[in-house]
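1. Sequence plus the predicted model coming up.
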Amino acid sequence: EVQLVQSGAEMKKPGESLKISCKGSGYSFSTYWIGWVRQMPGKGLEWMGIIYPGDSDTKYSPSLQGQVTISADKSTTTAYLQWSSLRASDTAMYYCARGIPMIRGVFYFDYWGRGTLVTVSS
Amino acid sequence: QSVLTQPPSVSAAPGQKVTISCSGSSSNIGNNYVSWYQQLPGTAPKLLIYDNHKRPSGIPDRFSGSKSGTSATLGITGLQTGDEADYYCGTWDGSLSAGFWVFGGGTKLTVL
């Protein structure tokens, strides 16, 4: 059974760093993309980026490039999303999802994690 | 403002049919497959339709998808109160060298 298990909710202060995780199981972790999707309170889905664990190829949303870092560890079948300096506007639910690969990117996202709620407040 | 345009809301009575549109351009819908996602209140999104019109295992045939040119449509027949959710279209966009994924702004379905 394919599963994506995300780390627990986080409460942070502005300026702090954070790394959240998404552990994949039940499939070949290296041969599917892992994507990260942000959902701010009361808003829609916003794609942040994807990583292909097999070769660590990473693509970022043009609007979010430089604000976050996506990484993956094949040995632990875990993908990560990290911030070096959080802002209040980073408050959101963050989902990871498995992406079906095509030549240049992703066909679609078939399995989703339950989400990690990140709250940034002073 | 999303690259893919969806109506903010649609509504219909139980048992009726509803369609949700998703409009894009040649760099995204026009040259790539479209998928649709259902997000029930308080839950993670779920894949509903992929490759424009295919349904994953377990998705009832009340849900259908189609694509024409730079637009796609999600259809839901025999509406049930349990279908009340937000629906998002998504596809790959190749307008930049690296490419990127795009979601529509989402459509809230109300079953009256």
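-> Thanks, I have the structure now.

2. Tell me the secondary structure at A:Arg114.
-> Of the three states, A:Arg114 takes coil according to DSSP: H, G, I helix; E, B strand; the rest coil.

3. OK, contacts around it?
-> By CB atoms under 8 Å, 6 or more residues apart in numbering or on different chains, the contact set of A:Arg114 is A:5-6, A:95, B:44. Quick note: C-beta positions are derived from backbone N, CA and C, even for glycine.

4. cool, B:Gly106 as well?
-> A:44-45, B:6, B:8, B:39, B:86-88.

5. same deal with A:Tyr52?
-> A:32-33, A:58, A:101.

6. and it, what pLDDT?
-> Per-residue pLDDT puts A:Tyr52 at 95.

7. and if you look at B:Ser95?
-> For B:Ser95, the model assigns a pLDDT of 87.

8. My guess is it contacts B:Gly24. True?
-> No. Applying CB atoms under 8 Å, one finds B:Ser95 not in contact with B:Gly24, separated by 10.7 Å.

9. between those two, which one's more packed in?
-> B:Gly24 (25 against 14; other CB atoms under 10 Å in any protein chain shown).

10. looking at it, that one is touching B:Val3, isn't it?
-> Yes. At 6.6 Å, B:Gly24 counts as touching B:Val3 under the criterion of CB under 8 Å.

11. Following element in sequence after the longest strand seen in chain B, please.
-> If you go by DSSP state E, chain B has its longest strand at strand B:85-93. Later in the chain than strand B:85-93, the nearest helix or strand by DSSP states H and E is strand B:100-103.

12. is any part of the very next helix or strand once past that next one close to chain A?
-> Note on strand B:100-103: by DSSP H and E, the next helix or strand toward the C-terminus is strand B:107-111. No. Strand B:107-111 lies apart from chain A when judged by CB under 8 Å from any CB of the partner chain; the minimum separation is 9.5 Å.

13. Pull the residues that contact strand B:107-111.
-> B:6-14, B:18, B:20, B:76, B:79-81, B:83-88.

14. Now with 10 Å, please.
-> With contacts defined as CB atoms under 10 Å, 6 or more residues apart in numbering or on different chains, strand B:107-111 is touched by A:44, B:6-16, B:18, B:20-22, B:38-39, B:74, B:76, B:79-89.

15. For the chain, which segments count as strands?
-> I went with chain A, as the question did not name one. A:3-6, A:10-12, A:18-25, A:33-39, A:45-52, A:57-60, A:69-73, A:78-83, A:92-101, A:106-112, A:116-120.

16. To clarify, I was referring to chain B.
-> So, for chain B - with DSSP E - the strands run B:9-12, B:18-23, B:35-39, B:46-49, B:63-68, B:71-76, B:85-93, B:100-103, B:107-111.
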